[in-house]
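Undergrad: A predicted structure for the sequence below; I have some questions about it.
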Amino acid sequence: MTRRLVLLGVLGVVVLAVLRFGPKESFSSEAVQYPEGETVSEKEPPPSSVRVIPNSWFELEYGADENSLKDDLEIVATTLTESQTMIKDFTSYFLPDNEALTSFLSGVNRDRMAWIRPSHRAISGNGELLDRFGSPLFFHRETGTRFQVRSAGSDRLMWTDDDVVYPEAN
C-alpha cells in the first residue's frame, strides 16, 4: 500500500512538471511567447529559439555541384515529407506558397523545428527558397500532404520546356 502511494506521488509530480514546463499547446498567429519572456512575431522567431536539424540532407546536399537540379528538387520534396512526419498537425498549417513553406521549414512552426537553417544561402531576401539558378521554386500542393516542386530551369522562366519538376506528373 505504501509503495502504491509513493508511485502515485511520483506520478503526480511528473504530471505537474509536464504541465508547468512542457510544450505549450496554444499557438497564436499574431505572436509567440517564448520561455525567455521575449515576444516575437510569428514571421521572425529569434534564432536562439529555433532548433535546426544538424547535418540534414538539405543542408549537406542542396545545390551541390555534383548534384543535378532534379536531385535538388528531390531533396526539397523529401524535406517536406520529413517535416510532415515530425509535425503532427502539419495539414492545419496554411502553406499556400513558397514563402510560407520556406518559413515553416525554417522554424516558424509550433515546435520551432527547422529543416532548413533560416540563414541558408538558398533563401532569398524575400524569404523564398531558390533553385540553383537563383529563381524561386514553385510548389503545387497535390493533396494535404503531397507537393510537386518545380524549378524554372536555366532559362529562369517558369512554364517553359526546360523546367524541372519533382515528382514528375503521372
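TA: Nice, I can see it.
Undergrad: tell me who's in contact with the residue nearest to the spatial centre of the chain.
TA: The residue lying closest to the centre of the chain (C-alpha atoms, centre = their mean) is L105, at 1.8 Å. Applying C-beta atoms under 8 Å, 6 or more residues apart in numbering to L105 gives the contacts 79-80, 83, 114-116, 129. All C-beta spots, glycine's among them, are computed from the backbone N, C-alpha and C.
Undergrad: kindly recompute the last result at 6 Å.
TA: Going by C-beta atoms under 6 Å, 6 or more residues apart in numbering, L105 touches 115-116.
Undergrad: same thing with N98?
TA: 128-129, 136-137, 139.
Undergrad: run the last query once more with 8 Å
TA: By C-beta under 8 Å, 6+ apart, N98 lies in contact with 128-129, 136-139.
Undergrad: ditto for Y62
TA: Neighbour list for Y62: 72, 75-76, 120, 122 [criterion: C-beta under 8 Å, 6+ apart].
Undergrad: 7 Å instead, please
TA: Going by C-beta atoms under 7 Å, 6 or more residues apart in numbering, Y62 touches 72, 75, 122.
Undergrad: swap in D131?
TA: Counting by C-beta under 7 Å, 6+ apart, D131 touches 69, 72, 137, 151-152.
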